[in-house]
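Undergrad: the sequence isn't on hand, but the structure is:
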């Protein structure tokens, strides 16, 4: 686990690709979390073209993808809806920083595999889901809605996937209009069988009081991970 490149041979001029290839000599699998988008895919291709071909599992890639989180999220949804007809036909609402939320990008793509799912993306314009994901949904024939109005979609939601504002990527950014979920809002608007998820860590977008609502699934989601 390299937390700081200053503790590795990169400080001597070694490339990140050579660092990974060095690791590949000692292990049978690499589980990679990297700040650069697409890096895991790049080194997987590189290792596939060497005589030391080992699997590379993408556990988070920049602001691009997070497939391991998406797998545990789908598992959480499957378990939540196992007595309610499964994921098929459900309304899944993504809320918050969708432009930079790699968990949202991966989960939205994975949900295209389920028949009749409708995805709703709720965010201020500057944080809304990006066109490349919408293009994937169009290609898959998955229905979706893009909106800023959180209250209008809450009564439709079978699952709400909240996300935090990723201020570490854009410091000083305004969070005016950022959707927030309170216990009062859940009582008045949310279906009795709905589920609330969050990849964590959370910020003020979910109040602590929501933790006591049986529809809050994010700590179960964490245990599923």
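TA: Yes, it's here. Given the structure is predicted, the values throughout are model-derived calculations rather than measurements.
Undergrad: three-state assignment of residue 187?
TA: helix (DSSP: H, G, I helix; E, B strand; the rest coil).
Undergrad: which pLDDT value goes with it?
TA: For residue 187, the pLDDT comes out at 86.
Undergrad: repeat for residue 8
TA: What the model reports for residue 8 is a pLDDT of 69.
Undergrad: which residues touch residue 18?
TA: residue 9 (Cβ atoms under 8 Å, 6 or more residues apart in numbering). All C-beta atoms are positioned from the backbone trio N, CA, C, and that covers glycine.
Undergrad: let me fix that, I meant to ask about residue 67.
TA: Residue 67 makes contact with 58-59, 106, 110 under the criterion Cβ under 8 Å, 6+ apart.
Undergrad: please identify the helix or strand for residue 165.
TA: Here residue 165 is covered by no helix or strand, with elements defined by DSSP states H and E.
Undergrad: would you mind measuring from the closest residue to residue 111 other than its chain neighbours to residue 149?
TA: With sequence-adjacent residues excluded and distances taken as Cβ to Cβ, 6 or more residues apart in numbering, residue 111 is closest to residue 117, at 5.2 Å. Here the criterion is Cβ to Cβ, to the nearest Å. By it, residue 117 lies 20 Å from residue 149.
Undergrad: more neighbours, those two?
TA: Neighbours around residue 117 and residue 149, counted as other Cβ atoms under 10 Å, are more numerous at residue 117. The numbers are 22 against 11.
Undergrad: confidence score at that one?
TA: We note a pLDDT of 97 for residue 117 in this prediction.
Undergrad: from what I can see it touches residue 89, true?
TA: Yes - here residue 117 lies in contact with residue 89, judged by Cβ atoms under 8 Å, at a distance of 6.9 Å.
Undergrad: next, the buried residues of the helix ranked longest in the chain.
TA: As far as residue count goes, and with DSSP state H defining each element, the longest helix of the chain is helix 67-80. Of the residues in helix 67-80, 67-70, 72-74, 76-77, 80 count as buried by neighbour count, 16 or more other Cβ atoms under 10 Å.
Undergrad: just stretch 139-154 next, same as before
TA: Going by neighbour count (16+ other Cβ under 10 Å), the buried part of stretch 139-154 is 142, 144, 150, 153-154.
Undergrad: next SSE downstream of the longest helix of the chain?
TA: Past helix 67-80, further along toward the C-terminus, the next helix or strand under DSSP H and E is strand 91-95.
Undergrad: now the phi/psi pair for the nearest residue to residue 211 once chain neighbours are set aside, please.
TA: For residue 211, ignoring the flanking residues on the chain, the nearest one in space by Cβ to Cβ, 6+ apart is residue 219 at 7.3 Å. Backbone dihedrals for residue 219, given as degrees, to the nearest 10, come out at phi -80, psi -30.
Undergrad: state the distance from residue 219 to residue 162.
TA: 13 Å.
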